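Novice: need a structure here:
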Amino acid sequence: MTYTLNDMTRREFLRTAGLIVGGATLAGAAGPLTAQAQAPRVGIARNTAVWGDGGLDPHLLGRLIDEAVMWAVGEDTPEKAWAKCFSADEVVGLKPNGIAGYELSTLPETISHCVDRLEGVGIPRDHVIVWEQNPGHLAACGVPLDDIPWGVRAVPTDSNLGEPVRNGSFSDRLCTVLDECDAFVNLPILKDHSVSGVTAAMKNHYGSIGNPGAQHAEIHQKIVDLNDLPQIKDKTRLVICDMVHTVVDGGPFGAPHYFPGAMLATTDFVACDAVCWYVIEEERARRGIPTLKDSGREPLHIAGAQERGLGVADLGRINVNVIDL
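Specialist: The predicted structure follows:
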């Protein structure tokens, strides 16, 4: 039987999802939490020391990314893992999230580490493209257009739009990078959202379109229809989601107030968002905050994406491994 958060209490949801082991939730358990054959793999590598009083530890951040990616793709070295996802003859895009400003955006160190790993596959740095909604959002992720780092290309969506596209309820213009790239890495940051409930991998592509503000009516259907476009569903090779610094209430803007010290990786963008939803609800419950459903913000697009065949949303069908470093 398949369940959603609509059908059960939070405790029942966690038990059915397979994310309670011996009474411990994701916040306290390590090791494989589920073991479903042919299921998407989600790796969460964590060490709270990655973000301390002295700021960010970029070396430890890189280790977290590597461990999560290795689990996600089933390889025992970072080099093998990235080579399994990308090849030297490809143009690869990186899609960070910079809408919330410098305090709550994709870390520049995350982008830098991805560039290094892609170069290790044999991809020239000028064949890596970083894109976001506008120059300000790029700068918030450490990619100012007047001083682009790492030898990559940087493209603001708002001045690089293709012809209008339509898919179901979604109608807008896409950033030309989506057509130029052979594949890409989605680099969201875990946040709750005032309308969609959760903003992670799927909602991150509102930075890939011309008029995201117009896509907030019937938002759940539009997120699904957007991510069902071949430029997104067929080219997403890897998702690396920042769980180092995040928000679970009041997002998507503001200063971070929850610091799990973790990085999540998967090849299934729906599974990413499902696990992110779980993490948000778990922390909201710990803080005594109502569920997203009770707050009128249930992220219905996550189940909708599974129904469309875009990925797996049922946590009981996802192999989640929490790796403590």
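Novice: quick one: low-confidence parts of this protein?
Specialist: 1-38 (pLDDT under 70).
Novice: what's the longest helix that it contains packed up against?
Specialist: If you go by DSSP state H, the chain has its longest helix at helix 269-286. When contacts are defined as 3 or more CB pairs under 8 Å, 6 or more residues apart in numbering; DSSP states H and E, helix 269-286 sits against helix 10-17, strand 41-46, strand 189-193, strand 197-199, strand 236-247, strand 262-266, helix 300-307. For the C-beta atoms, the positions are set from N, CA and C on the backbone; glycine is no exception.
Novice: quick one: strands adjacent to the second one?
Specialist: Using DSSP bridges, strand 41-46 pairs in its sheet with strand 262-266 (antiparallel), strand 319-324 (parallel).
Novice: so which residues of this structure form helices?
Specialist: 10-17, 58-73, 78-85, 108-121, 135-140, 177-180, 219-227, 230-233, 269-286, 300-307.
Novice: mind listing what's buried in the fifth one?
Specialist: Pointing back at helix 135-140 there. Neighbour-count burial for helix 135-140, counted by 16 or more other CB atoms under 10 Å, picks out 135, 137-140.
Novice: please apply the same query to the last one.
Specialist: For helix 300-307, a neighbour-count test (16+ other CB under 10 Å) marks 300-306 as buried.
Novice: likewise the third one?
Specialist: By neighbour count, and taking 16+ other CB under 10 Å as the criterion, the buried residues in helix 78-85 are 78, 81-85.
Novice: and the contacts of that helix?
Specialist: Helix 78-85 is contacted by residues 66, 69-70, 72-75, 117-118, 120-121, 183, 237-238, 267 when judged by CB atoms under 8 Å, 6 or more residues apart in numbering.
Novice: what is the nearest of these to residue 43?
Specialist: Comparing the contacts of helix 78-85 against residue 43 with CB to CB places residue 72 closest, at 4.6 Å.
Novice: residues contacting the closest one?
Specialist: Counting by CB under 8 Å, 6+ apart, residue 72 has contacts 41-43, 81, 238, 265-267.
Novice: what about residue 77, neighbour count?
Specialist: 10 (other CB atoms under 10 Å).
Novice: from memory it sits against residue 117, does it?
Specialist: No - using CB atoms under 8 Å, residue 77 is not in contact with residue 117; the gap is 11.1 Å.
Novice: before we move on, back to that, which of the contacts of helix 78-85 sits closest to residue 55?
Specialist: Of all the contacts of helix 78-85, residue 55 sits closest to residue 66, with 20.5 Å by CB to CB.
Novice: how about the nearest residue to the closest one, chain neighbours excluded?
Specialist: Distances taken as CB to CB, 6 or more residues apart in numbering put residue 78 closest to residue 66, at 4.2 Å, once the chain neighbours are dropped.
Novice: list the residues that contact the closest residue to residue 140 other than its chain neighbours.
Specialist: Nearest in space to residue 140, with sequence neighbours left out and distances taken as CB to CB, 6+ apart, is residue 98 at 3.6 Å. With contact set as CB under 8 Å, 6+ apart, residue 98 has these partners: 105-106, 132-133, 136-141, 207.
Novice: one step back: and the buried residues of helix 78-85 as TSV, adding distance to residue 319?
Specialist: Shown next, in TSV, are these (distance: CB to CB, whole Å):
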residue	distance to residue 319
78	19
81	15
82	20
83	21
84	16
85	17
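Novice: of the residues you listed, just say which sits nearest to residue 61.
Specialist: Using CB to CB, the buried residues of helix 78-85 come closest to residue 61 at residue 78, 13.2 Å.
Novice: specify the beta-bridge partners of residue 241.
Specialist: Beta-bridge pairing for residue 241 (DSSP bridges): residue 264.
Novice: my read is that it contacts residue 272, right?
Specialist: Yes - counting by CB under 8 Å, residue 241 does reach residue 272; the two are 5.7 Å apart.
Novice: overlap in contacts of those two?
Specialist: The contact lists of residue 241 and residue 272 share 188, 200-201, 264, where a contact means CB under 8 Å, 6+ apart.
Novice: next up, phi/psi of residue 98, please.
Specialist: phi -120, psi 20 (degrees, to the nearest 10).
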